[in-house]
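Asker: Fold the following, please.
(one chain, ligands or ions: 2)
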Amino acid sequence: MSDEIQLNDPQTLYRRWEDSQWSPFSVDLTKDAKQWRHMEDADRGLILFVLSSLMVAEERITTKFSGLVGAYGSEEEATFLSTQQVDEARHMQFYARFQDEVIAEPSTVGAHVERARDQVSDAFRAIFDIALVESHARLVANPSDLAAKVGFVTLYHLILESTLGLTTFKFATDYVTREGLLPGFVEGYSKIHHDETRHIGYGVWFLRETVKAHPEQADTVRQTMRELLPHVAESLKPPGDGAAANVLGVTEDDLRGFALDGLTRRLKIIGVPLETVFA
Ligand SMILES: [Fe+2]
Ligand SMILES: [Fe+2]
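Answerer: Ligands and ions are numbered 1, 2, ... in the order given. Below is the predicted model:
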């Protein structure tokens, strides 16, 4: 069945990008700024935690991406990957603007990222500051090394953007929408999410095509999964001692269950079923 699934190739994704332009500066944040000043401490704490994770993540994935553009396999792939680089910078700009205008602490992007770093967990740092940085450096050093590219796309598109990113989007936007909070944040984050589904589409396409043509690369996918999944499980935890989970209205199991479902589905499409990762 999975053999019949139609995936979008880079040229199709690029055309879609041309039709999906938006500006991080045209999202209306005036209601958000008013709400922020009168928000309950528990809500504010949870939102600050989510925002900090997004701020750090988007900075990392903006500045640790260019190696993949340089490792393109066709001109169409190079074109699509160039658009993804722009998207990630745009996402970073949106969260920095939110900090400037809603949290009302205007600063440089770098200073926002530094402050946000105080809020994120050790598991989060292990993924973004160590694994991603090393995987990117490997690819920059040797763009024609297929295993380096497969390892990078597995980490970046399959783990960061799909497993962590889609889960954070679902539970964070469910919560603020249910509470009637931060409409500008929801609008910008939804546009970002739309971009992310295109990026994930590329990652699944690339891994599926590569594993089909080079079956030995399935081991690279498995190995990357085995190294990273413990940190992923750890970072899919609401912060603190359970109070944040109450505010969020979901359990750790809900978060992990959602993440695992999506990952299982994508690995099956790629041709490396999850059960073979831990066999
Ligand atoms: Fe992004
Ligand atoms: Fe992305």
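Asker: so what's the residue of the chain found nearest ligand 2 up against?
Answerer: Residue of the chain nearest ligand 2, by CB to the ion: His199 (3.8 Å). Glycine gets a C-beta too; all of them are placed from N, C-alpha and C. His199 is in contact with Gln84, Asp87, His157, Glu161, counting by CB atoms under 8 Å, 6 or more residues apart in numbering.
Asker: Would you mind naming what in the chain lies close to ligand 2?
Answerer: The chain comes close to ligand 2 at residues Glu161, Glu196, His199, as judged by CB under 5 Å from the ion.
Asker: try 8 Å this time
Answerer: Ile61, Gln84, Asp87, Glu88, His91, His157, Glu161, Gly165, Asp195, Glu196, His199, Ile200 (CB under 8 Å from the ion).
Asker: and which of these is nearest to Asp254?
Answerer: Nearest to Asp254 out of the residues of the chain next to ligand 2 is Gly165 (CB to CB; 16.7 Å).
Asker: The closest residue to that closest one other than its chain neighbours: which element?
Answerer: Leaving aside its sequence neighbours, Gly165 sits nearest to Glu196 (CB to CB, 6 or more residues apart in numbering; 5.7 Å). Assessed by DSSP states H and E, Glu196 sits inside helix 183-213.
Asker: Ok, Val150 next?
Answerer: Val150 belongs to helix 146-153, assigned by DSSP H and E.
Asker: rewinding a little: for the record, mean pLDDT for the helix holding Glu196?
Answerer: The pLDDT scores in helix 183-213 average 97.
Asker: Quick check: what element follows that helix along the chain?
Answerer: Next in sequence after helix 183-213, counting helices and strands by DSSP H and E, comes helix 218-235.
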